[in-house]
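Trainee: Build me a model:
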Amino acid sequence: MGRSDSPKSPSLAPEAALAEEIGGLVCGIDEAGRGPWAGPVVAAAVILDPGGVPSGLNDSKLLSPEERERLFDLLVADARVGVGVAAREEVDAVNVLQATFRAMARALAALDLAPAAALVDGNLAPELPCPARTLVRGDCHSASLAAASIVAKVTRDRIMVELACECPGYGWERNKGYGTPEHAAALARLGVTRHHRLSFAPVRAAMEAAATARR
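Mentor: Numbering: from 1, shown residues only. You can find the predicted model right below:
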């Protein structure tokens, strides 16, 4: 993997600062899927090799699907990567934020080498077995957080494509479970599946409308 020399690209400066403070390896943790109406929340923890930051690494939201897939393959091959998933049932049972924290903790635990500290994208962090620091819009500034955002996004997108085969008609292969007009129309037409988040207001509304129509 080649190194990215763009000054606008995320760098390892946040990791270096935290490593100097704490000592030891630093991982980045990010999630995908807090907002969708269906499917799990997925988190990734990534420890990058400072000598092997892939060219083009950036916040997953700024990349094309093709670029995310390319970078995902490089990261899985050459970085230390852990993935954690919180199922739809957990989202409904404990709320989406707590489910996200569970996925993040599982991603950290899935690493084959325990880091000394973690950078977490956003302004809230779960309880972890190591010190954690938050970084707002961290996937735009930290290389390991950008990497984690890509791994989490690609992993979740692949899950939603699989679920789209199980539950056709909702367009999950395209909208990935987010509340698009296509998804909303399908929800009204086809009803709620076992993969929908029952605690989310649009899904509850669809269930109530279906119940009213049956009366």
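Trainee: And the protein, what are its domain boundaries?
Mentor: 13-165, 169-214 (automatic domain parsing).
Trainee: where in the chain is pLDDT low?
Mentor: 1-7, 215 (pLDDT under 70).
Trainee: The same query, at a cut-off of 50, please.
Mentor: Within the chain, the set of residues satisfying pLDDT under 50 comprises 1-7.
Trainee: what about T193, neighbour count?
Mentor: Other residues near T193 come to 17 when the count uses other Cβ atoms under 10 Å. From N, CA and C alone the C-beta is placed, and that goes for glycine too.
Trainee: Hmm, W172 and T193 touching each other?
Mentor: No: the pair T193 / W172 is not scored as a contact, 9.7 Å apart, by Cβ atoms under 8 Å.
Trainee: shared neighbours of those two, anything?
Mentor: Common neighbours of T193 and W172, counting by Cβ atoms under 8 Å, 6 or more residues apart in numbering, are A38.
Trainee: about what we covered before: just name the most buried of the domains of the chain.
Mentor: domain 13-165 (a mean of 20; mean count of other Cβ atoms under 10 Å).
Trainee: gap between the two ends of that domain?
Mentor: End-to-end distance for domain 13-165, by Cα to Cα, to the nearest Å: 42 Å.
Trainee: ok, now stretch 34-51?
Mentor: With Cα to Cα as the measure, stretch 34-51 spans 32 Å from end to end.
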